[in-house]
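S.K.: got a predicted structure plus its sequence, pasted below:
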Amino acid sequence: MLNLGANDASLSIEVRGYQFPDAAMGGWDSEWLQVHGSAECPQGRWRFSDPCLTTFELAHLATWLRGVPTRGHVREMEFVEPCLRFEHVERSDGDVLIVRLSQEASPPWATESQRYGDGVALEFPFSALDFETMASAVSEMCGKYPQRTRGDAGFK
């Protein structure tokens, strides 16, 4: 499980299985993962469940998290489904990781522009995060739910 928490925000993300466990191997249907999450911010708490990541995207997220503390890495990690987006933002008072939750991952009180636009942003100061631990947690999920096709050609 991927856990982030700092100040007045928290987020937990867990993969609980393939969306289609019996799908024929070799196509998109065999790669979608059922993602469950819980989030909290000053406005309240909520949970979500949606097949919003593929096995390939989960593996890319682990790699991205490992690279965040280094110079020259990609600043945003987004996926085919727009439910989750990770951003590294530099600020004068310290870098932050922003996780945006939209569509099916947004809270019930989200406005239409939040739900279908940039999402609800949860901010986590780098000083409160251990990127290697987070990357390892995502890699562990990858181990439980590995890619079921060969390579990621044709997949974003």
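M.R.: Received, thanks.
S.K.: how about the strands in this protein?
M.R.: 2-6, 9-18, 32-41, 44-54, 76-78, 84-89, 96-101, 120-125 (DSSP state E).
S.K.: between these, which one is closest to residue 25.
M.R.: strand 9-18 (10.9 Å; CB to CB). Quick note: C-beta positions are derived from backbone N, CA and C, even for glycine.
S.K.: and the contacts of that closest one?
M.R.: 1-5, 30-41, 49, 53, 58, 84, 99, 101, 122-124, 141, 144-145, 148 (CB atoms under 8 Å, 6 or more residues apart in numbering).
S.K.: any of those residues buried? List them.
M.R.: For these, a neighbour count by 16 or more other CB atoms under 10 Å gives the buried set as 2, 4, 30-35, 37-41, 53, 58, 84, 99, 101, 122-124, 141, 145, 148.
S.K.: hmm, back to that, could I get the strands of the chain as a markdown table with mean pLDDT and distance to residue 63?
M.R.: Converted to a markdown table, the strands of the chain look like this (pLDDT from 0 to 100; distance: least, CB to CB, whole Å):
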| stretch | mean pLDDT | distance to residue 63 |
| --- | --- | --- |
| strand 2-6 | 93 | 14 |
| strand 9-18 | 96 | 16 |
| strand 32-41 | 97 | 16 |
| strand 44-54 | 97 | 14 |
| strand 76-78 | 94 | 9 |
| strand 84-89 | 96 | 12 |
| strand 96-101 | 96 | 15 |
| strand 120-125 | 96 | 19 |
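S.K.: and for residue 77, the neighbour number?
M.R.: When neighbours are counted by other CB atoms under 10 Å, residue 77 registers 20.
S.K.: gap between it and residue 58?
M.R.: 11 Å (CB to CB, to the nearest Å).
S.K.: could you do residue 80 as well?
M.R.: 12 Å.
S.K.: equivalent analysis for residue 50, please.
M.R.: With CB to CB as the criterion, residue 50 and residue 58 are 14 Å apart.
S.K.: repeat that for residue 32.
M.R.: Distance from residue 32 to residue 58, counting by CB to CB: 11 Å.
S.K.: which residues touch the closest residue to residue 67 other than its chain neighbours?
M.R.: In this structure, residue 67 finds its nearest non-sequential neighbour in residue 73, 4.0 Å apart by CB to CB, 6 or more residues apart in numbering. Listed by CB under 8 Å, 6+ apart, the contact set of residue 73 reads 64, 67, 88.
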